[in-house]
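Engineer: Got a sequence here, can you build the structure:
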Amino acid sequence: MTENPLLERATRFVSALRHCQVLGISAYEATEAGMTLVMPYAPHLVGDPGSGVIHGGALTSLMDTACGMATLCVLPEFEVCPTLDLRIDYMHPAAPHQPVYGFAQCYRVTTDVIFTRGFAYQADPQQPIAQVVGTFMRMGKHLKGTQGLGSTLKGEQL
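Structural biologist: Next up is the predicted model:
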């Protein structure tokens, strides 16, 4: 057990997601303020072999996952919350051979929708690579599929 149960829950959740396994994404920090994931640099993530820059699709996956997982920071219990909409504004390419961090927070929670925002960065959060806003549909814990996901996490409740 860690001193941060929210980070522990996020770590269990991200380890069960196949795209996170392929991209190397892991939970870095989790608080009530938001979720930070990290994606290490890897040759299979490169979109431009000439420059070594990470593909925009890998960054999109990082930020979609960070925004979706930020729901863990505000909901009292796990709920299935699929992406409704995601917008990313890229400001500059990620520097090659450096990990990329994705921070996201929920800024409004309604009965049906959760609104998120965040940014991707490398060494300095004040110099973001991209900014993101997203909405996620609350489906509730009572719907089918939630139990199936829980069972893939070694029987542990999220």
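
Engineer: check contacts around the residue most central in space within the chain.
Structural biologist: The centre of the chain sits closest to Ala66, judged by CA atoms, centre = their mean, with a distance of 1.7 Å. Contacts of Ala66 were listed using CB atoms under 8 Å, 6 or more residues apart in numbering, and they are 35-37, 102-104, 118, 132. C-beta coordinates here come from the backbone N, C-alpha and C atoms, glycine included.

Engineer: Nearest to Leu62 among those residues?
Structural biologist: Closest approach to Leu62 among the contacts of Ala66 (CB to CB): Gly102, at 4.4 Å.

Engineer: Can you check the pLDDT for the closest one?
Structural biologist: Note on Gly102: pLDDT of 98.

Engineer: can you map out the helices along the chain?
Structural biologist: 5-15, 18-23, 56-70, 146-152 (DSSP state H).

Engineer: Mind putting those into CSV with distance to Arg138 and mean pLDDT?
Structural biologist: Shown next, in CSV, are these (distance: least, CB to CB, whole Å; pLDDT from 0 to 100):
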stretch, distance to Arg138, mean pLDDT
helix 5-15, 16, 92
helix 18-23, 22, 94
helix 56-70, 12, 96
helix 146-152, 12, 40
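
Engineer: and the residue lying farthest from the centre of the chain, what pLDDT?
Structural biologist: No residue in the chain sits farther from the centre than Gly50, which is 28.0 Å out by CA atoms, centre = their mean. The model reports Gly50 with a pLDDT of 91.

Engineer: need the contact list for it.
Structural biologist: Counting by CB under 8 Å, 6+ apart, Gly50 makes contact with nothing.

Engineer: With Tyr41 as the reference, name the closest of the helices of the chain.
Structural biologist: Evaluated over the helices of the chain, closeness to Tyr41 peaks at helix 56-70, with 10.1 Å, by CB to CB.

Engineer: Please work out which of the helices of the chain is packed deepest.
Structural biologist: helix 56-70 (a mean of 23; mean count of other CB atoms under 10 Å).

Engineer: before we move on, the earlier item: looking at the contacts of Ala66, which has the most residues close by?
Structural biologist: Counting neighbours by other CB atoms under 10 Å, the top entry in the contacts of Ala66 is Met35, with 30 neighbours.

Engineer: That one against Ala27, yeah?
Structural biologist: Yes - with contact defined as CB atoms under 8 Å, Met35 counts as touching Ala27 (7.4 Å).
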